[in-house]
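[1] the amino acid sequence is not available; the structure is as follows:
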């Protein structure tokens with residue numbers, strides 16, 4: 001699935017920084033964050 005999201009430049013920079021810290025690309029890191037959020041128990 002392809003998803004396009006417009007985010008602020010500051011958010012994009014932070015996402016890129018976090019992805020680089022994990023040694024992965026921004027797209028893969030964003031997908032990981034979405035999957036992680038999906039797996040959280042609902043409160």
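    In hand now; what should we look at? Quick caveat: nothing in here was measured; it's all calculated off a predicted structure.
[2] alpha carbons only for contacts and neighbour counts from here, please
    OK.
[3] which residues touch the residue nearest the centre of the chain?
    Centroid-nearest residue in the chain: residue 30, 2.0 Å away (criterion: C-alpha atoms, centre = their mean). Applying C-alpha atoms under 8 Å, 6 or more residues apart in numbering, we find residue 30 in contact with residue 15.
[4] so it versus residue 5, what's the distance?
    Separation of residue 30 from residue 5 (C-alpha to C-alpha, to the nearest Å): 11 Å.
[5] lowest average confidence, helix or strand, in the chain?
    In the chain, the helix or strand scored least confidently by mean pLDDT, DSSP states H and E is helix 26-38, which has a mean of 92.
[6] mind listing what's buried along it?
    Of all the residues in helix 26-38, those buried under the rule 16 or more other C-alpha atoms under 10 Å are 26, 29.
[7] please apply the same query to stretch 6-26.
    For stretch 6-26, by 16+ other C-alpha under 10 Å, it's 15-16, 18-19, 26.
[8] let's see which of those end up in helices.
    15-16, 18-19, 26 (DSSP state H).
[9] return the closest of the residues you listed with respect to residue 1.
    Proximity of those to residue 1 (C-alpha to C-alpha) peaks at residue 26, which lies at 15.6 Å.
[10] in three-state terms, how would residue 11 be classified?
    What DSSP: H, G, I helix; E, B strand; the rest coil gives for residue 11 is helix.
[11] as CSV, the ones in helices among the buried residues of stretch 6-26 with distance to residue 38 would be great.
    Output for those, formatted as CSV (distance: C-alpha to C-alpha, whole Å):
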residue, distance to residue 38
15, 18
16, 21
18, 19
19, 19
26, 18
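[12] distance between the least confident helix or strand of the chain and the chain's centre?
    From the chain centre to the centre of helix 26-38 is a distance of 5 Å (C-alpha atoms, centre = their mean, to the nearest Å).
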